[in-house]
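**Student:** Predicted model and sequence follow; I will ask about them next.
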Amino acid sequence: MKINKKVFARAALILMLAFVIFSIAAFAENEATTAETEQQEESVAVSEETLAGTPESADTDIAASSEDIAAAEDDDVPEVIATGDAEEAEEEEELSIFDNSIWALLPPVIAIILALITKEVYSSLFIGILTGGVLYAITESGFHFTRIFDSVLNQGIIGSLADSDDVGILVFLVVLGIIVVLMNRAGGSRAYGDWASKKIKSRRGASLSTFVLGALIFVDDYFNCLTVGSVMRPVTDKQKISRAKLAYLIDATAAPICIIAPISSWAAAISGTVDGVNGIDLFIKTIPYNLYALLTIIMVIFISVTGFDFGPMKKHERNAANGDLFTTGEDVYKDVSEEPVTSKGKVIDLILPVLVLIVFCVLGMLYTGGFFSGVNFVDAFADCNACIGLPLGALGALIICVIYFMVRRVLSFQECMKAIPDGFKAMVPAILILTFAWALKSMTGMLHAKDYVAAVVESAKALQILLPALLFLVALGLSFSTGTSWGTFGILIPIVTGVFKPTADNMSALFIICISACLAGAVCGDHCSPISDTTIMSSTGAQCKHVNHVSTQLPYALLVAAVCLVGYLLSGFVQNVFIVLGVSIVLLIAVLLLMYFVQKVRAKAAE
């Protein structure tokens with residue numbers, strides 16, 4: 001019998017992980033038992049000392065106790081109930097022994113390592129969630145087995161699905177999936193593909209067109225990922241660009257574009273985390289120092305123009321040139337029907353729904369910010385709730401699209417309704433991964449990982465020269481391990497603001513650089529993390545296997561991150577945007593050119 005080495009390695013890794021977890025649990029339980037025994041011994045010693053006291057004091061204590069009992073006689077039952085509630089609340093609030101420590105980052109680290117090793121994201125995320133549940137169940141009083149199920153299910157998976165913001169994103173995904181199916185069924189995507197194939201006749205043109213479209217859809221990264229993917233997929237497929245490369249182009253023009261766009265959901269979210277200064281004004285000032293976003297855009301343009309690829313992406317692109325767009329693993333979206341049901345489709349059947357979706361999503365976000373109640377445009381966008389505004393706008397756009405396609409007679413009402421379950425089906429992989437990712441995020445929240453990271457940043461404030469680089473690394477690590485860039489800068493920006501205490505008239509250059517470093521690190525970690533929302537939706541938009549996207553994108557993101565680190569080290573000494581940004585751009589292009597020519601030389605030598 002042949003042994004599958006990959007399966008054996010996965011099983012061995014999971015068994016080893018289980019052994020480590022239960023070893024920790026056994027150790028914690030032993031420590032808790034020892035502590036409990038010592039506490040009982042101390043109690044016995046105290047009791048013996050009390051019994052050895054004077055008779056007078058004993059009589060006094062008895063008399064006092066009798067008076068207390070008599071005084072509490074009337075409200076005895078409420079007292080007992082209150083005591084019981086207090087004890088129950090105390091038990092519920094009992095913290096894990098790993099709370100607010102480096103161990104709180106273990107669940108996402110395990111999930112990420114397993115995902116990269118096994119190439120399977122669902123089980124990896126679930127094992128990470130389970131690890132968080134086990135750590136949460138270990139307290140000073142012992143190992144509470146039932147807390148595993150409560151944390152994993154009630155507070156993790158079910159809790160994330162009960163959160164209104166999370167459900168809003170899921171609704172937005174489903175509605176967007178329905179609109180995409182409608183555009184495909186109406187023939188809009190095929191018509192655009194036919195038109196674009198006549199205009200775009202090279203891989204370079206297809207890559208640059210994807211970048212330009214991503215840059216134009218700067219309102220929200222979620223909307224960007226799914227829209228650009230559905231529109232450009234037929235074009236990139238025809239030009240034999242791998243799905244992994246398409247997913248990278250989508251991801252690299254989603255968050256990096258939104259983080260430097262003043263009119264976006266990201267600008268609104270960031271401005272809401274700053275106190276004492278104008279949030280939008282600060283956001284605009286951070287744009288020139290947001291090295292990761294700017295350098296990522298430059299890198300996308302460079303690899304699109306030169307056709308240069310490295311790392312696992314090179315293999316994917318070489319296979320795509322030979323007709324294999326997926327390289328590894330099957331097409332996880334192969335059951336999603338995209339065949340048009342009519343030949344009447346035109347380019348307008350794709351462009352108009354996209355424009356309607358953009359307009360309605362912007363209006364939805366403005367509505368949640370109070371724009372239609374008299375709030376000015378900037379404040380309304382700053383105070384908007386994208387998790388409500390986006391699904392609200394998407395639902396409105398869906399209604400308009402259905403009416404439009406029926407009036408155009410390209411789809412009947414029955415055909416429009418059949419698109420609803422197919423649109424939902426198309427989003428099932430993204431919904432599953434997002435649900436597990438949110439549950440994993442809940443695990444790190446219950447273990448108070450953010451408090452540990454906040455303490456690390458506070459301890460480094462004395463090193464002000466190195467602070468931008470340190471903040472970039474901390475933000476990158478936190479965003480990578482939790483999968484949320486918004487949560488990362490939501491944690492770090494108030495800390496940085498507290499350290500510098502800026503005012504509307506006095507924002508130092510170092511303060512602006514440090515805020516930029518937080519934003520850049522958060523986007524970088526989000527870009528690299530396999531449990532990030534935007535990474536997941538980039539895979540969904542490109543209809544690429546998620547682990548393929550993560551493994552091919554990581555070397556590209558880490559190269560840019562390394563150059564950013566050098567730039568932020570320099571910014572601590574020279575707080576001049578032209579020098580910092582200029583040196584960073586020159587360094588990135590120099591490294592890319594060196595790698596490009598080395599690859600060319602090796603290719604010629606191999607011939």
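**Tutor:** Thanks, I have the structure now. Numbers count the residues shown, from 1 in each chain.
**Student:** Please count neighbours and contacts with C-alpha atoms only from this point.
**Tutor:** Fine.
**Student:** what's next to the host helix or strand of residue 302, contact-wise?
**Tutor:** Element membership for residue 302 (DSSP states H and E) is helix 291-306. Applying CA atoms under 8 Å, 6 or more residues apart in numbering, the external contacts of helix 291-306 come out as 204, 207-208, 211, 249, 252-253, 255-257, 259-260, 308-309, 516-517, 520-521, 523-524, 557, 560-561, 564, 567, 581, 584-585, 588-589.
**Student:** For the stretch 101-250 of the chain, which segments count as strands?
**Tutor:** 138-139, 142-143 (DSSP state E, counting those that start in this stretch).
**Student:** Quick one: low-confidence residue ranges for the stretch 401-550 of the chain.
**Tutor:** By pLDDT under 70, the low-scoring segments of the stretch 401-550 of the chain are 430, 453-454, 457-463, 487, 490-491, 498, 504.
**Student:** ok, now which ones touch residue 103?
**Tutor:** Applying CA under 8 Å, 6+ apart, no residues qualify as near residue 103.
**Student:** Quick check: it vs residue 212, distance?
**Tutor:** In this view, residue 103 and residue 212 are 42 Å apart by CA to CA, to the nearest Å.
**Student:** list the buried ones in the helix holding residue 302?
**Tutor:** By 16 or more other CA atoms under 10 Å, the buried positions in helix 291-306 come out as 291-304.
**Student:** Surely residue 95 and residue 142 touch.
**Tutor:** No: contact criterion CA atoms under 8 Å: residue 95 and residue 142 do not qualify, at 11.1 Å.
**Student:** and residue 590, how many neighbours does it have?
**Tutor:** For residue 590, the count of nearby residues is 12 (other CA atoms under 10 Å).
**Student:** Lowest mean pLDDT across the strands of the stretch 101-250 of the chain, which one is that?
**Tutor:** Comparing mean pLDDT across the strands of the stretch 101-250 of the chain, the weakest is strand 142-143, with a mean of 78.
**Student:** Adjacent strands (with direction) for that one?
**Tutor:** strand 138-139 (antiparallel) (DSSP bridges).
**Student:** Extract the C-alpha set from the host helix or strand of residue 418 and format it as PDB.
**Tutor:** In this assignment (DSSP H and E), residue 418 forms part of helix 413-426. This file holds the C-alpha atoms of helix 413-426, laid out as PDB (Å, rounded to 0.1, in the frame of the first residue of the first chain):
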ATOM      1  CA  PHE A 413     -38.800  37.900 -14.900                       C
ATOM      2  CA  GLN A 414     -38.400  34.100 -14.400                       C
ATOM      3  CA  GLU A 415     -34.800  34.200 -15.700                       C
ATOM      4  CA  CYS A 416     -34.000  37.100 -13.300                       C
ATOM      5  CA  MET A 417     -35.400  35.100 -10.400                       C
ATOM      6  CA  LYS A 418     -33.300  32.000 -11.300                       C
ATOM      7  CA  ALA A 419     -30.200  34.200 -11.000                       C
ATOM      8  CA  ILE A 420     -30.800  34.700  -7.200                       C
ATOM      9  CA  PRO A 421     -29.900  31.100  -6.000                       C
ATOM     10  CA  ASP A 422     -27.000  31.000  -8.600                       C
ATOM     11  CA  GLY A 423     -25.700  34.300  -7.300                       C
ATOM     12  CA  PHE A 424     -25.800  33.000  -3.700                       C
ATOM     13  CA  LYS A 425     -24.100  29.800  -4.800                       C
ATOM     14  CA  ALA A 426     -21.300  31.700  -6.300                       C
END
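**Student:** tell me the helices in the stretch 151-300 of the chain, going along the chain?
**Tutor:** Counting by DSSP state H, counting those that start in this stretch, the stretch 151-300 of the chain has helices at residues 158-162, 164-185, 188-199, 203-216, 221-238, 243-252, 255-258, 265-271, 279-286, 291-306.
**Student:** which stretch in those helices has the least confidence?
**Tutor:** Lowest mean pLDDT within the helices of the stretch 151-300 of the chain: helix 265-271, at a mean of 67.
**Student:** would you list every one of the strands in the stretch 451-600 of the chain?
**Tutor:** With strands called from DSSP E, counting those that start in this stretch, the stretch 451-600 of the chain shows none.
**Student:** which residues of it fall in helices?
**Tutor:** Using DSSP H, counting those that start in this stretch, helices in the stretch 451-600 of the chain cover 467-482, 485-500, 509-528, 533-542, 546-573, 577-606.
**Student:** so the first one versus helix 291-306, what angle?
**Tutor:** What it means is helix 467-482. Put simply, helix 467-482 runs at 70 degrees to helix 291-306, going by axes from the mean of the first three to the mean of the last three CA atoms, to 10 degrees.
**Student:** can you tell me the helix or strand for residue 349?
**Tutor:** helix 348-368.
**Student:** What lies in contact with that helix?
**Tutor:** 179, 183, 186-189, 192, 217, 219, 227, 231, 372, 377, 380-381, 383-386, 388-394, 396-397, 400-401, 405.
**Student:** Check which helices and strands the helix or strand just after that helix sits against.
**Tutor:** Going down the chain from helix 348-368, the next helix or strand is helix 377-382, by DSSP H and E. Here helix 377-382 touches helix 265-271, helix 348-368, going by 3 or more CA pairs under 8 Å, 6 or more residues apart in numbering; DSSP states H and E.
**Student:** hmm, back to that, tell me which of the strands of the stretch 101-250 of the chain sits most buried.
**Tutor:** strand 138-139 (a mean of 24; mean count of other CA atoms under 10 Å).
**Student:** Quick one: distance of it to the chain centre.
**Tutor:** Mean-position distance between strand 138-139 and its chain equals 28 Å (CA atoms, centre = their mean, to the nearest Å).
**Student:** What of stretch 563-582?
**Tutor:** 27 Å.
**Student:** buried ones in it?
**Tutor:** 563-565, 567-572, 575-576, 580-581.
**Student:** before we move on, what about stretch 360-374?
**Tutor:** Using 16+ other CA under 10 Å as the test for burial, stretch 360-374 gives 360, 361, 362, 363, 364, 365, 366, 367, 368, 369, 370, 371.
**Student:** now swap in stretch 372-386 and tell me
**Tutor:** 378, 379, 380, 381, 382, 383, 384, 385, 386.
**Student:** what's the answer for stretch 212-225, then?
**Tutor:** Buried, per 16+ other CA under 10 Å, within stretch 212-225: 213, 214, 215, 217, 218, 219, 220, 221, 222, 223, 224, 225.
**Student:** Output it as CSV, nothing but the C-alphas.
**Tutor:** Presented in CSV, the C-alpha positions along stretch 212-225 are these (Å, rounded to 0.1, in the frame of the first residue of the first chain):
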residue,chain,number,x,y,z
VAL,A,212,-7.0,50.9,-14.4
LEU,A,213,-10.4,49.6,-13.7
GLY,A,214,-9.4,48.8,-10.1
ALA,A,215,-8.1,52.3,-9.7
LEU,A,216,-11.4,53.8,-11.0
ILE,A,217,-13.5,51.8,-8.5
PHE,A,218,-12.0,53.4,-5.4
VAL,A,219,-15.1,53.7,-3.3
ASP,A,220,-14.8,50.4,-1.4
ASP,A,221,-12.4,47.5,-1.6
TYR,A,222,-15.1,44.8,-1.3
PHE,A,223,-17.0,46.3,-4.2
ASN,A,224,-13.7,46.7,-6.1
CYS,A,225,-12.7,43.0,-5.7
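**Student:** which residues are contacting that stretch?
**Tutor:** So stretch 212-225 is contacted by 228, 250-251, 253-255, 257-258, 261, 263-266, 358, 362, 534, 537-538, 541 (CA under 8 Å, 6+ apart).
**Student:** shaky segments in the stretch 251-400 of the chain?
**Tutor:** Scanning the stretch 251-400 of the chain for pLDDT under 70 picks out 263-265, 268-269, 271-273, 275, 278, 280, 328-343, 382.
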